[in-house]
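Student: Task: produce atomic coordinates for the following.
(2 chains)
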Amino acid sequence: MDKVIVSIVGFVGIIFTYWFFLMRREKEVAVENEVDIIVDGGYKPEIISVPQAKTTKLNFIRKDPSSCLEEIVLGDFKIRKYLPLNKKVTIEIKPEKPGEYDYACGMNMFHGKIIVT
Amino acid sequence: MAEVKKTYDIKGMHCASCVRLIEKSVGKIDGVTSCNVNLATNKATVEYDSAKVDNEKLESAVASVGYKASINEEVKSEDQEKKEKQKELNDLRNKVIVSLFLGLLILWGSFPGLMSTAPAILQNFWVQLLLATPVQFWAGLSFYRATISALKHRTANMDTLVAIGTTVAFGYSAFVTIFPSIVKSIGIDPIPYFDTATIIIGLILLGRYFEARAKAGTSDAIKKLIGLQAKTARVIKDGKEIDIPIDQVLIGNVIRVRPGEKIPVDGVIVDGESSVDESMLTGESIPVDKAKGDTVVGATINKSGTFTYKATKVGQETMLAQIIKLVQEAQGSKAPIQRIADLISSYFVPAVLMLAILTFVIWYDFGSAPVLLFALLNTVAVLIIACPCAMGLATPTAIMVGTGKGAENGILIKDAESLETAHKINTVIFDKTGTLTKGQPEVTDIVGNVLSLAASLEKGSEHSLAEAIVQEAEKQNVKLEIITKFKAIAGHGVEGVAAGKQVFLGNRRLMERENVSITSYIPQIEKLESEGKTVMMLALDGKLAGLIAVADMIKETAREGVEALEKMGIEVAMITGDNQRTANAIARKVGIKRVLAEVLPDTKAAEVRKIQAEGKKVAMVGDGINDAPALAAADIGIAMGTGTDVAIEAADITLINKDLQSVAQTIDLSKKTMRTIKLNLFWAFGYNIILIPVAMGVLYPFFHILLNPIFASVAMATSSISVVFNSLLLKRLRF
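Tutor: Now for the predicted structure:
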């Protein structure tokens, strides 16, 4: 009997893990000129949309002491920056082409997205 | 009193009076000890007592006189990064020492075979619980914090896996200690696993400590470049020499440099001469002689003489600043090979969590007795062995070391993609003039009395050959004639009218176009051309009147550069506007077999594409200014530049050392970096692909092999360190 319970709980656990981490849909935040992105166990807001051919300021504020998140990498914009704890680090981008550009932490574990419209 | 020095960006300044106005306004604030405003850099450096003054006060003082100040955190970030890193390392070290010490005590008191030698107190489960608690919740606090933050965002990372894994081990052990009878009642011997939880935390933190130290080494090149910057400059003002901070130097300032001193900013020598060691920027070890009119570059070292020079570039415009910016950008860019790691890393941790649950279920349902214990230990092993960090570090660390190594040797790589593409290059095309040759042609032969007319015509031209003819005329004191209706014909030559007579000066194509017969001069033309000289023909009123041969010196490193490439099995070609015979002669001298001659400037890009159409991966090497389209058309454009904006913009790779051997070195660097990345990825993926199933227990049915969670933590810690160390091995690459 206990094996059946463990199997059912395990199955539910796997489904829950899949749903919890992989079925997450983050809402896109439209940004006009500048946005504060809080770095704490991920990025908030995680998905932002910015206008094409206009300079947008992304202010990263790291609140998470985890060394995983100490760097921010915007590979498409050739930017890798150290984020001091509790300090605002402003990154200016001026995307020339519309599209989706990913950004991530230095170890590529946490991800965010910039949608250029 | 807390004295603080901060730098602010000032917007809206346009003259020296703005500077005074701001300095006066800020200086009036109670608590400000000094305020220096720099018009050139648009920055204000303020020293103040932070107890009395804050950013808002300073900003409003600047705003009151009509300007805008914004705090510039960047200036401090380098220092701050260093301090924070050091603090983090110290914290880590303390946690490693405490957790490994306590962990080993617990291990001594609980490991079969060892425990008999341990004092009785260490064998007491309650004492073990007491020793393990600070390790779990103080040393391991960072894992919990990161996990909670990540879970709030419905994400997970390595910390999540460690936190869950060690909590399971610690929680089970605490339960066994507190309620041994319950555990006994289900047929399990009530033995705790505090050693597993504590040693895992200790070892993973130890791994993180080494990894952080090693990772700092990957950005050494940038730190070295930033460290090259001089701190002060000795500026001559009103006949006096004053030492001022480097950020206050303005364009046009005259600066004196003495022997052994660092040249502060870029400029042109106005008086004196010396030899300058430029090795820190170009990698070229032999000092370069400099005299009046020569350019000097900031951060290089004046060896022997004293000279004064005028600053032409300051702040972010200097060559050093440009190089730093370029290297930083390259290190922030993403290599295409990383895409696969990107994709996998977004699914990795959730996948491991699901596998851990599956492991528990399988072991509980089908494992050997005691099933709960096996299920728990194997689940912990799966959570601990998984190492997403190695995958995340595999590519960027190698790119950082690779681009940094290039910069140290005068090879500036624009981005990670260029570094990656360069290893596939199998054909290199060199532009002739200014790349294989010095680009300073000289007149070698004159046939007929044509120098005066030729020089008169060429005075209006900007071509490098024209300059050689005009210089020769000046040397021989030849009188020039008045030319009217001057016209340059691209790829052919020039024309004009002198004393009512139509004059053409140019190559064979021009003569053919104008139907000028060259038959009588053919033996002389062919002889000169076979010596590698460019022959210019002068036609007067439709008849060939004479020849002028011009030759350009071949660079010392040309032959070695070509040989090095051929040794690597790379085909080398030369492209030039010269005729076939002249081109062949020069190609022979440098050892090039494939010659693309008589190519007009605007068709060079098309020639590059033709070779690409043969299935070749082509690198085009040029000066980055005149041949920008050809550089852009090639798979990799390499500019033999001076670090100017134009050259850097046009090229994927810029060789500021102007050494032709660097082309082969660049490809070699790319090959070695790619090999490192591939090895890193192979290791990072292979490690997880092989060891996660082992931790799940796939070998158990066949060989009775299970992975102890402690060994899993050793493997995990070693995995990410080994990737970083492998990348650091690139530093040992010798050119």
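Student: can we go C-alpha only for contacts and neighbour counts from here?
Tutor: Fine.
Student: Nearest residue to residue B:412 in space, ignoring adjacent ones along the chain?
Tutor: Nearest residue to residue B:412 in three dimensions, chain neighbours excluded: residue B:654, at 5.0 Å (Cα to Cα, 6 or more residues apart in numbering or on different chains).
Student: Next, the one you found: secondary structure please.
Tutor: strand (DSSP: H, G, I helix; E, B strand; the rest coil).
Student: in the sheet, who's paired with it?
Tutor: Per DSSP bridges, the residues bridged to residue B:654 are residue B:412, residue B:639.
Student: just for chain B, where's the confidence low?
Tutor: B:1-2, B:5, B:12-17, B:39-42, B:71-80, B:624-626, B:642-648 (pLDDT under 70).
Student: I'd like the distance between the nearest residue in space to residue B:716 that is not next to it in sequence and chain A.
Tutor: Spatial nearest neighbour of residue B:716, excluding adjacent residues (Cα to Cα, 6+ apart): residue B:385 at 5.3 Å. Using Cα to the nearest Cα, to the nearest Å, residue B:385 is found at 17 Å from chain A.
Student: My guess is residue B:385 contacts residue B:692. True?
Tutor: Yes: with contacts counted by Cα atoms under 8 Å, residue B:385 reaches residue B:692, the gap being 6.5 Å.
Student: Is the residue nearest to residue B:412 in contact with residue B:640, as I believe?
Tutor: Yes: with contact defined as Cα under 8 Å, residue B:654 and residue B:640 form a contacting pair (6.0 Å).
Student: If you count surrounding residues, which of those two has more?
Tutor: More crowded of residue B:654 and residue B:640, by other Cα atoms under 10 Å in any protein chain shown: residue B:654, with 32 against 28.
Student: Enumerate the residues of chain A near chain B.
Tutor: A:3, A:6-7, A:10-11, A:13-14, A:17-18, A:20-22, A:24, A:40-42, A:64-66, A:73-82, A:84, A:88-89, A:106-111 (Cα under 8 Å from any Cα of the partner chain).
Student: Quick one: buried ones out of the residues you listed?
Tutor: Neighbour-count burial (16 or more other Cα atoms under 10 Å in any protein chain shown) applied to these gives A:6-7, A:10-11, A:13-14, A:17-18, A:21, A:40-42, A:64-66, A:73-75, A:77-82, A:84, A:88-89, A:106-111.
Student: Next, count neighbours for the residue nearest to residue B:716.
Tutor: With other Cα under 10 Å as criterion, residue B:385 counts 31.
Student: ok, it - contacts?
Tutor: B:688, B:691-692, B:695, B:709, B:712-713, B:715-716 (Cα atoms under 8 Å, 6 or more residues apart in numbering or on different chains).
Student: Could you do residue B:262 as well?
Tutor: B:230, B:298-302.
Student: again, but for residue B:447
Tutor: B:546-548.
Student: Which of these sits closest to chain A?
Tutor: Nearest to chain A out of those is residue B:548 (Cα to the nearest Cα; 50.1 Å).
Student: So in that sheet, which strands flank the host helix or strand of that closest one, and in what orientation?
Tutor: According to DSSP states H and E, residue B:548 maps onto strand B:543-551. Each strand that pairs with strand B:543-551, with its direction, by DSSP bridges: strand B:442-447 (antiparallel), strand B:534-540 (antiparallel).
Student: And the ones you listed: which comes nearest residue B:204?
Tutor: strand B:442-447 (67.5 Å; Cα to Cα).
Student: can you give me the helices in the stretch 501-650 of chain B?
Tutor: Taking DSSP state H, counting those that start in this stretch as the criterion, the stretch 501-650 of chain B carries its helices at B:508-513, B:522-530, B:558-567, B:580-590, B:604-613, B:628-633, B:645-650.
Student: Make a markdown table out of those and add mean neighbour count and distance to residue B:413.
Tutor: Formatted as a markdown table, the helices of the stretch 501-650 of chain B follow (neighbours: other Cα atoms under 10 Å in any protein chain shown; distance: least, Cα to Cα, whole Å):
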| stretch | mean neighbour count | distance to residue B:413 |
| --- | --- | --- |
| helix B:508-513 | 16 | 39 |
| helix B:522-530 | 17 | 37 |
| helix B:558-567 | 19 | 19 |
| helix B:580-590 | 21 | 26 |
| helix B:604-613 | 18 | 21 |
| helix B:628-633 | 23 | 14 |
| helix B:645-650 | 19 | 9 |
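Student: Format those as a markdown table; extra columns: distance to residue B:187.
Tutor: As requested, the helices of the stretch 501-650 of chain B are exported to a markdown table (distance: least, Cα to Cα, whole Å):
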| stretch | distance to residue B:187 |
| --- | --- |
| helix B:508-513 | 100 |
| helix B:522-530 | 97 |
| helix B:558-567 | 71 |
| helix B:580-590 | 84 |
| helix B:604-613 | 73 |
| helix B:628-633 | 74 |
| helix B:645-650 | 73 |
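Student: of all those helices, which lies closest to chain A?
Tutor: Evaluated over the helices of the stretch 501-650 of chain B, closeness to chain A peaks at helix B:645-650, with 14.2 Å, by Cα to the nearest Cα.
Student: is the residue nearest to residue B:435 when sequence neighbours are not counted in a bridge, and if so with what?
Tutor: Nearest residue to residue B:435, sequence neighbours excluded (Cα to Cα, 6+ apart): residue B:622, at 5.8 Å. Residue B:622 has these beta-bridge partners by DSSP bridges: residue B:639.
Student: From what I see, residue B:622 and residue B:632 are in contact.
Tutor: No: using Cα under 8 Å, residue B:622 is not in contact with residue B:632, being 10.9 Å away.
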